[in-house]
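Visitor: Take this sequence and fold it.
(chains A and B)
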Amino acid sequence: MNYPSSKSLKFHSKLSVLLLLVCSLQMPAQELQWHGFISQGLIQAPETNFVNLDDSISAELTDIGVNMSWVMSDKLRLASQVVYLDGGRRYTKGTRLDYFFIDWTLYSDFDWRLNLFVGRFKNQHWLYSATRDVPFTRNAIVLPQSVYFDSFRDIAVGSDGLALKSTHDTRFGEIELNWSWGSTNLSKEQKQILLSTLPQGDAEQDYVHQASLFWRPGQLDWQLGLSLLDSDFSYKKAELDFYSDGGITVQRVMFNARYAAEYWELSSEWVQERLDIKDFYAPGFKRNSFSQGWYIQGRYNLMPRTWALLSLDIFDLDKDDRNGTKFSQSTGGMVPAYFAYQDDLTFGLTYDFRDNLRLTMEHHWVKGTARLAYPVLPDVQNNKSEYWQMWAMQLMYWF
Amino acid sequence: MNIKFVVAGFVLWLWSASATEVVTHPAVSMDQLTVTQLRAIYSMRQQNWPDGKAIRVFVLSAKNPVHQRFTKEKLQMFPYQLDRIWQKITYSGLGSAPVVLTSEQQMREMVANTEGAIGYIENSDELSKLKVIEVSQ
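Guide: Next up, the predicted model:
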C-alpha cells in the first residue's frame, strides 16, 4: 500500500521544551500538571552484544522523564514529555522529545468518548507500548523481546502523525478502539542499531499504520485485545555501499490478554510478523518470512509491597523453520541456527519502599540470540553462545 | 442460635460500619451514577459533568484502607488496576491522575469547597456541605 510521507510533521525538540516551560509558568495549577520519574539500575548480559561488548556489569540502565499536561479548554489539551534514556547498546542513548501532541475531544458523554491526537504520540496499541520507557509501569526491567524487541524500540515507541481513540461503554463491557498513522524520523544512531554500521546509505520509515481493539467485560478482571500494524521502510544506498537500494515491509498481527485477580495477575501477547525484503541485500533479492512469538507473565503478590514475577518468552524468526536449520544453511553455515530463535525464562522480584519508590531485580535464562542486534545482520562475532544469562536491578522513583 | 446467622450479622455490621459513600460538591447536578459511569470518572476518561462543568477527582493514597475498600466495593476493581490506568495516562500523555489527599477530613473539605468535585468517605455522620451519590449497577 502507498501512503503519503509524513515528514512534514517533524518536531524541533528544543523549541517544544521551551514552549512547554513558557506555558507552565503562566498556567494555573489546576489546568497544568507536572509529573516525572527517575531510575537507575545495573545490568549484565555476558557473551552477548545486548548491553555492551566487554561483558562487564553496566550502569547503562537509566530512565529519566518529565512531562506536563495542560488543559487549554474543555475540548483541547496539550501534552508533552521529555526523556533521557541510556540502555547501553539496546537503543539510542540520549535526551529526546518522547511525545508532544494536541488532544482534541471530538465527542464525550458518559458512555462514549472520541479523541483525536495530532503531533508526536505514543504507540497505544500493545499492552506496554505506551509506557515501555517508564520503568514502574512494566512488570520486568527488560520486556519480553518477542514483542518489545529493543532494536525496534525507537520505531515502535511512537510516531509523528495522527491518532484516534474511542472508548465506548456498552452492556457487554468497555470497548476501546485505537487508530494511528504516521512515521518516525530515524537518526544515524537509530539506523546503526537497526542495520549495523555497515550500510552507508539512508534508511527511512515511509509510514506506519496501526489499529487496535481492546475489550474489557463488565467486572474488568479480563481484558482482551487485537492489534494490526503495517509499515514500509526504504533504503537508498550511498555511492560506496555494500548494500543496494531496497524496501522492507513489516506487518504485524497481535493478540493480547490480561487477567487480574486480587493477589495475582496474568498477561500475555502473541505476535506474528511478516518481514518482506526486496533488493537491499543485493539487486533482485527477495525474501518473505513470518516470525512468531509470544510471552506469558505471571505476577504474584507475595506479601504487602512485594511482587514476584515469572515470565516465559518464546520467539522464532521463521515459523516454518523454528530450529533454524534452513536459516543456517542459507548462510552456508556462517550463521549458527541459534540466531533463528530466542526463548527466555525470567524470574523477578519487586519491592515498594514507598508508594513511589520501587526496587526491581530479575534474572533471565536465555536460549538463542534471534532478538539481539542486528535485526538484518546477525552479529556472529559478539553473540557466541546459544545459552546465555542476564540479570538486572533497578531503583525507580516517580512523582 | 444458628451460627450462620451470627456470622452473617457480624459481617453485615462490619460492612455497615465501614460502607464507603461516594460524595460530590453540593452543586453537582447528578444524584446517582452507575458503576460504569463511576469507573469512567475514576479512570479519568470522563472529564465533564452533563452540565459541562469540569469533574475534579479526589482520592486517598493507594495504601489507605478507605481507598482500597472504595476501589473494590464501588468501582469493583483492584487498587493496582486503578494505579496502572492512572500511570498509563499520566506518563503517555493521555490525561492526568486524580489529586491524592492525605485524610478523610481533607477529602471532606476539598470536595465541599471545590466546584465539580467528587470523592469518597466512610464516616457518613458528617455529610453536611456534601452531596451523597447513589451508585447502582
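
Visitor: Could I get the contacting residues of the residue nearest to A:Gly87 when sequence neighbours are not counted?
Guide: Closest residue in space to A:Gly87, ignoring its immediate chain neighbours: A:Glu60 at 6.3 Å, by Cβ to Cβ, 6 or more residues apart in numbering or on different chains. For every residue, glycine as well, the C-beta is placed using N, CA and C. Neighbour list for A:Glu60: A:Ile43, A:Val51, A:Asn52, A:Asp86, A:Gly87, A:Gly88, A:Lys93 [criterion: Cβ atoms under 8 Å, 6 or more residues apart in numbering or on different chains].

Visitor: any idea how far chain A is from the residue most central in space within chain B?
Guide: Chain B has B:Tyr120 as the residue nearest its centroid, 3.9 Å off, counting by Cα atoms, centre = their mean. Per Cβ to the nearest Cβ, to the nearest Å, B:Tyr120 is found 18 Å from chain A.

Visitor: which stretch of helix or strand covers that residue?
Guide: Using DSSP states H and E, the element containing B:Tyr120 is strand B:117-121.

Visitor: State which strand of chain A is the longest.
Guide: Longest strand of chain A, by residue count under DSSP state E: strand A:286-303.

Visitor: Would you mind confirming that A:Tyr351 makes contact with A:Arg305?
Guide: Yes - with contacts counted by Cβ atoms under 8 Å, A:Tyr351 reaches A:Arg305, the gap being 6.0 Å.

Visitor: Next, count neighbours for residue 45.
Guide: By default, I'm working from chain A. For A:Ala45, the neighbour count with other Cβ atoms under 10 Å in any protein chain shown is 23.

Visitor: switch to chain B, that's the one I care about
Guide: Neighbours around B:Arg45, by other Cβ under 10 Å: 21.

Visitor: for it, what are its contacts?
Guide: Counting by Cβ under 8 Å, 6+ apart, B:Arg45 makes contact with A:Arg113, A:Thr167, B:Gly95.

Visitor: ok, now which ones touch A:Phe347?
Guide: Applying Cβ under 8 Å, 6+ apart, we find A:Phe347 in contact with A:Ala308, A:Leu309, A:Leu310, A:Ser311, A:Glu362, A:His363.

Visitor: and those near chain B, which?
Guide: Among those, none lies close to chain B by the criterion of Cβ under 8 Å from any Cβ of the partner chain.

Visitor: of the residues you listed, buried ones?
Guide: For those, a burial check counting by 16 or more other Cβ atoms under 10 Å in any protein chain shown picks out A:Leu309, A:Ser311, A:Glu362.

Visitor: what helix or strand is B:Phe58 on?
Guide: Taking DSSP H and E as the criterion, B:Phe58 maps to strand B:56-60.

Visitor: what angle sits between the very next helix or strand once past that strand and strand B:56-60?
Guide: Per DSSP H and E, strand B:56-60 leads on to helix B:65-73 as the next helix or strand towards the C-terminus. Helix B:65-73 runs at 120 degrees relative to strand B:56-60, counting by axes from the mean of the first three to the mean of the last three Cα atoms, to 10 degrees.

Visitor: Quick one: name the residues of chain B near chain A.
Guide: Counting by Cβ under 8 Å from any Cβ, chain B sits next to chain A at B:36-37, B:39-40, B:45-48, B:50, B:52, B:54, B:56, B:61-63, B:76-78, B:80-81, B:84, B:87-88, B:90-97.

Visitor: Looking at those, which are in strands?
Guide: Among those, the ones falling in strands (DSSP E) are B:Arg56.

Visitor: Just the buried ones from the residues of chain B next to chain A?
Guide: Neighbour-count burial (16+ other Cβ under 10 Å) applied to those gives B:36-37, B:39-40, B:45-48, B:56, B:62, B:76-78, B:80-81, B:84, B:87-88, B:90-97.

Visitor: wait, what's in contact with B:Ala62?
Guide: Going by Cβ under 8 Å, 6+ apart, B:Ala62 touches A:Asp355, B:Gln68, B:Pro79, B:Tyr80, B:Asp83.

Visitor: List just the nearest of the residues you listed to B:Arg108.
Guide: Distance to B:Arg108 across the contacts of B:Ala62 (Cβ to Cβ) is lowest for B:Gln68, with 18.9 Å.

Visitor: Please name the residues that touch that closest one.
Guide: Contacts for B:Gln68 (Cβ under 8 Å, 6+ apart) come out as B:Ala62, B:Pro79.

Visitor: Repeat the analysis, applying 10 Å as the threshold.
Guide: B:Thr20, B:Leu60, B:Ala62, B:Phe78, B:Pro79 (Cβ atoms under 10 Å, 6 or more residues apart in numbering or on different chains).
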